[in-house]
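Novice: Got a predicted structure plus its sequence, pasted below:
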Amino acid sequence: MSAEGRDRTADDADAPGAARFLTSASFAVPRDFVTSAWIEHAPFAFWIVEALRPRRLVELGTYAGFSYLAFCQAVRRAALDTACFAIDTWEGDDHSGRYGPNVLRGLRRRHDRKYGLFSRLIRSTFDDANPDFADYSIDLLHIDGLHTYEAVKHDFETWLPKLSDQAVVLFHDTNVRNADFGVFRLWEELQTRFPSFEFRHGFGLGVLGIGRALPKPLTDLFDAAKNPEEAETIRLIYAGLGRAALASAVAQPRTPRNFLAKLRRSLRSKPALRAWRRARRMTGATPPLRGLRVLIVGILVIPYCAKYRVWQKKELLESLGCTCTVIDWTELGRAREALVGHDIVIFYRVRAEPEHIALVAQARRRGLVTVTEIDDTIFDRSIYQANSNLERVGPALRESVLADTPHYRAMLAVCRYAIASTRPLARALHEAGAADVFLVENGLDDETAGIAAGALAARRAENPDGIVRIVYGSGSDTHDADFAVAAPALALTLKSHPQVRLCLAGYLKLPPALAECSDRIERHAFMDFAAWLALLARCDINIVPLVDSAFNDAKSTIKYIEASMVEIPSVCAPREPYVAIIEHGRNGFLAETTAQWQGALERLVMDAELRRQIGAAARRTVEARYAAASIAARQLAPMLKDITSRLAG
């Protein structure tokens with residue numbers, strides 16, 4: 001079995017976060033597709049059967065049988081000793097419409113040969129069949145009959161005595177509030193009486209814990225419902241897997257045309273339908289490292305992020321003999337088609353919208369190794385909320401950023417591996433639910449080295465003007481609080497030394513402490529990478545102030561790397577990645593308090609030779625630790641070998 005096939009098993013009960021609610025069953029493909037509003041819940045059906053391991057399963061209201069056949073498939077897949085019963089008149093009702101005997105005949109063709117040994121189709125009303133079941137005998141009950149409030153309440157109360165001490169009840173259409181559908185009303189009442197969890201996609205599916213001796217996976221699910229962030233992550237995951245199930249239905253070669261038309265109307269993205277193909281696992285030996293085919297699907301619109309985490313990685317992969325394809329995360333059709341012919345897919349900074357989780361699911365079923373990569377703690381609401389920089393942005397932007405955290409967290413659960421750019425970030429990813437995390441730091445690529453060499457040569461050719469320039473660059477409008485850390489020391493330095501200028505680049509609001517020094521401050525708009533390195537090279541001291549927070553502890557040392565490559569000394573906040581690389585007073589300075597910031601700036605402003613020595617030492621440090629060949633050999637190659645060896649095993 002491949003690593004992808006065995007990574008999330010039912011025995012993995014201690015998996016952290018939302019990953020607890022994913023097993024290999026969650027990624028199974030339904031084998032029996034018929035017209036149904038239930039298709040998007042098939043992944044959860046596979047999971048709950050495996051998690052609950054019911055002794056007796058009963059469905060009230062089966063119609064063409066999609067949900068029931070999914071339950072039967074799950075029972076057989078898990079090799080359970082479960083007795084299954086589907087109860088329906090197969091005549092229809094006011095909601096499903098009336099229909100003839102062909103519906104039951106079609107169901108029997110799909111059902112009897114495959115599942116007849118442990119399953120029965122009972123043609124009866126629910127009330128007439130009820131006495132045939134002993135009290136406390138049913139572990140999993142699915143109620144999907146007439147959907148009026150009175151009917152579904154009657155069904156629940158009539159069958160309640162039949163439920164065992166580990167029973168779970170499923171209600172479909174809990175998210176439908178039109179016409180005379182009343183499931184949502186009963187669901188709202190029952191949620192106050194019993195542990196529950198609700199999925200909102202696919203017209204809604206309510207999961208109700210009735211028994212007092214529920215197995216741990218179910219109690220964990222109901223506990224997760226009390227945590228809004230975790231609950232939303234679970235919903236996102238299963239909504240995406242449900243979308244994958246729908247797309248798989250469309251790809252079936254014998255799917256009736258009228259069924260395809262209905263499914264096309266139910267999906268928002270028609271290109272998504274055209275791109276899907278019937279899922280199949282790759283076979284054959286694991287490819288060697290040279291020739292390994294890697295697909296990167298990522299957000300490319302943020303230039304600096306894409307440079308370090310996408311294009312640099314492509315360069316490193318190709319230096320190891322791999323082939324690498326890069327596709328923007330918005331180009332879903334291209335991404336689906338590109339899965340064919342690749343061995344590994346890395347999702348860089350991709351939010352887990354349902355379409356993207358569906359893409360992960362398709363990749364896993366094709367046998368690709370799935371990896372998510374996130375370069376800061378945008379997946380952890382508590383850490384992100386404590387980031388003081390967010391306090392300075394507008395409430396709408398702040399809430400928008402925080403609302404995205406479950407989307408990023410969901411990718412950790414559905415992907416097999418994760419990549420982090422710093423050790424603190426790797427720890428945070430693991431604590432958030434990533435099972436295996438690899439460290440691949442930001443480093444020096446050919447572009448950076450070439451631009452830095454040119455900028456440094458230009459600087460050396462210039463005649464000094466006697467001005468000492470302190471530089472700070474901000475790549476977004478969320479760094480005001482960070483810059484404010486150094487503002488008092490900068491104000492004191494500017495007032496004490498007339499030859500000092502402060503050079504600010506990018507997005508930044510000037511703090512009040514520097515208002516009196518505005519005539520000594522040079523402002524530059526956000527610029528591209530080459531212009532930024534050229535500006536750095538014309539300055540004398542680089543500063544990296546950062547608020548003391550878990551969010552900033554996960555940041556990488558990019559600003560130190562860039563300044564060091566043009567031999568500019570840096571004064572940095574003592575966040576963990578900087579402490580790991582800077583030897584105070586030799587290849588940089590560390591400063592936390594205003595006194596420490598002022599002391600470091602004072603030494604560098606007053607001593608040009610010290611600036612030269614620190615800058616040269618910083619460059620040697622960076623070239624030794626962050627050279628492309630070093631990152632590729634020490635971090636990327638071992639990651640790829642680890643992944644491929646697990647596949648081979």
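Specialist: Cool, the structure landed.
Novice: Give me the helices and strands touching the longest helix seen in the chain, please.
Specialist: As assigned by DSSP state H, the longest helix anywhere in the chain is helix 228-251. Helices and strands touching helix 228-251, by 3 or more Cβ pairs under 8 Å, 6 or more residues apart in numbering; DSSP states H and E, are helix 42-52, strand 196-199, helix 216-224, helix 257-266, helix 270-275, helix 354-365, helix 405-414. Placement of C-beta: from N, CA and C, glycine included.
Novice: can we see that at 7 Å?
Specialist: helix 42-52, helix 216-224, helix 257-266, helix 270-275, helix 354-365, helix 405-414 (3 or more Cβ pairs under 7 Å, 6 or more residues apart in numbering; DSSP states H and E).
Novice: residues in contact with the closest residue to His172 other than its chain neighbours?
Specialist: Closest residue to His172 apart from its sequence neighbours, by Cβ to Cβ, 6 or more residues apart in numbering: Asp144 at 4.5 Å. Shown in contact with Asp144 (Cβ atoms under 7 Å, 6 or more residues apart in numbering): 59-61, 67, 172.
Novice: low-confidence ranges in the chain?
Specialist: 1-17, 94-97, 247-289, 384-394, 397, 477, 646-649 (pLDDT under 70).
Novice: Quick check, Pro354 in contact with Gly240.
Specialist: Yes - in terms of Cβ atoms under 7 Å, Pro354 counts as a neighbour of Gly240; the distance is 4.3 Å.
Novice: who touches both of those two?
Specialist: Contacts common to Pro354 and Gly240, judged by Cβ under 7 Å, 6+ apart, are absent.
Novice: List the contacts of the residue positioned nearest the centre of the chain.
Specialist: By Cα atoms, centre = their mean, the chain has its centre lying nearest to Met411, at 2.1 Å. With contact taken as Cβ under 7 Å, 6+ apart, Met411 is in contact with 347, 350, 352, 372.
Novice: And for the second one, nearest residue in space, chain neighbours not counted?
Specialist: Okay, so that is Val350. Val350 sits nearest to Trp329 (Cβ to Cβ, 6+ apart), 4.9 Å away.
Novice: That neighbour is in contact with Ile299, isn't it?
Specialist: Yes - counting by Cβ under 7 Å, Trp329 sits close enough to Ile299 to count as a contact (5.4 Å).
Novice: what about these two, which has more around it?
Specialist: Trp329 (21 against 17; other Cβ atoms under 10 Å).
Novice: which residues does the more buried one contact?
Specialist: 297-299, 350.
Novice: repeat for Phe156
Specialist: Neighbours of Phe156 in contact, by Cβ under 7 Å, 6+ apart: 143, 186.
Novice: now swap in Phe46 and tell me
Specialist: 25-26, 28, 70, 74.
Novice: For the stretch 51-200 of the chain, which segments are assigned as strands?
Specialist: 56-60, 83-88, 92-93, 97-98, 119-123, 138-143, 163-172, 196-199 (DSSP state E, counting those that start in this stretch).
Novice: Turn the contacts of Met411 into JSON lines, columns for distance to Asn227.
Specialist: Output for those, formatted as JSON lines (distance: Cβ to Cβ, whole Å):
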{"residue": "Phe347", "distance to Asn227": "24"}
{"residue": "Val350", "distance to Asn227": "23"}
{"residue": "Ala352", "distance to Asn227": "17"}
{"residue": "Thr372", "distance to Asn227": "21"}
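Novice: among the contacts of Phe46, who's most crowded?
Specialist: Ala70 (26 neighbours).
Novice: Was I right to think it contacts Pro30?
Specialist: Yes - using Cβ under 7 Å, Ala70 is in contact with Pro30, at 5.4 Å.
Novice: Okay, domains of this protein per the record?
Specialist: Taking automatic domain parsing as the criterion, the chain consists of the domains 35-227, 275-439, 446-626.
Novice: Of those domains, which is nearest Ile643?
Specialist: domain 275-439 (5.4 Å; Cβ to Cβ).
Novice: now stretch 446-458, how far from the chain's geometric center?
Specialist: Stretch 446-458 has its C-alpha centroid displaced from the chain centroid by 35 Å (Cα atoms, centre = their mean, to the nearest Å).
Novice: any residues touching that stretch, and which ones?
Specialist: 315, 529-530, 533-534, 537, 565-567.
Novice: ok, 6 Å please
Specialist: Stretch 446-458 is contacted from outside by 530, 533-534, 537, 565-566, using Cβ atoms under 6 Å, 6 or more residues apart in numbering.
Novice: May I see the PyMOL selection of the buried members of those?
Specialist: Filtering the contacts of stretch 446-458 down to the buried ones (16 or more other Cβ atoms under 10 Å) takes a single PyMOL command:
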select buried, resi 533+534+537+565+566
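Novice: Please flag which of the contacts of stretch 446-458 sit within helices.
Specialist: 530, 533-534, 537, 565.
Novice: ok so Gly473 is a strand residue?
Specialist: Yes - under DSSP: H, G, I helix; E, B strand; the rest coil, Gly473 falls within a strand.
Novice: I figured it hits Gly506, correct?
Specialist: Yes - with contact defined as Cβ atoms under 6 Å, Gly473 and Gly506 form a contacting pair (5.3 Å).
Novice: can you put the domains of the chain in CSV and add distance to Thr644?
Specialist: Output for those, formatted as CSV (distance: least, Cβ to Cβ, whole Å):
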stretch, distance to Thr644
domain 35-227, 28
domain 275-439, 5
domain 446-626, 25
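Novice: so which of those comes closest to Leu236?
Specialist: domain 275-439 (4.3 Å).
Novice: which parts of stretch 625-632 are buried?
Specialist: Quick answer for stretch 625-632 (16+ other Cβ under 10 Å): 625-626, 628, 631-632.
Novice: Can you name the residues in contact with it?
Specialist: With Cβ under 6 Å, 6+ apart, stretch 625-632 has contacts from 316, 319-320, 443-445, 561.
Novice: about what we covered before: need the residues touching each of Ala70 and Pro30.
Specialist: Ala42.
Novice: Against Phe184, how distant is the nearest residue to Val176 once chain neighbours are set aside?
Specialist: Ranked by Cβ to Cβ, 6+ apart and with sequence neighbours excluded, the top spatial neighbour of Val176 is Phe203, at 5.3 Å. Using Cβ to Cβ, to the nearest Å, Phe203 is found at 10 Å from Phe184.
Novice: do Val176 as well
Specialist: From Val176 to Phe184 the distance is 7 Å (Cβ to Cβ).
Novice: Equivalent analysis for Ile521, please.
Specialist: Distance from Ile521 to Phe184, by Cβ to Cβ: 59 Å.
Novice: How about residues contacting stretch 74-86?
Specialist: So stretch 74-86 is contacted by 45-46, 49-50, 53-54, 56-59, 62, 68, 72, 119-122 (Cβ under 6 Å, 6+ apart).
Novice: Going through the residues you listed, which ones are buried?
Specialist: Here, 16+ other Cβ under 10 Å leaves 45-46, 49-50, 53-54, 56-59, 62, 68, 72, 119, 121-122 buried among the contacts of stretch 74-86.
Novice: Give the full set of residues in contact with the residue lying closest to Val566 once chain neighbours are set aside.
Specialist: Spatial nearest neighbour of Val566, excluding adjacent residues (Cβ to Cβ, 6+ apart): Ala537 at 4.1 Å. Counting by Cβ under 6 Å, 6+ apart, Ala537 makes contact with 455-456, 459, 566.
Novice: hmm, try it at 8 Å
Specialist: Contact analysis of Ala537 by Cβ atoms under 8 Å, 6 or more residues apart in numbering lists 452, 455-456, 458-459, 566, 568.
Novice: What of Gly475?
Specialist: 304, 506-507, 526.
Novice: Lovely, talk soon.
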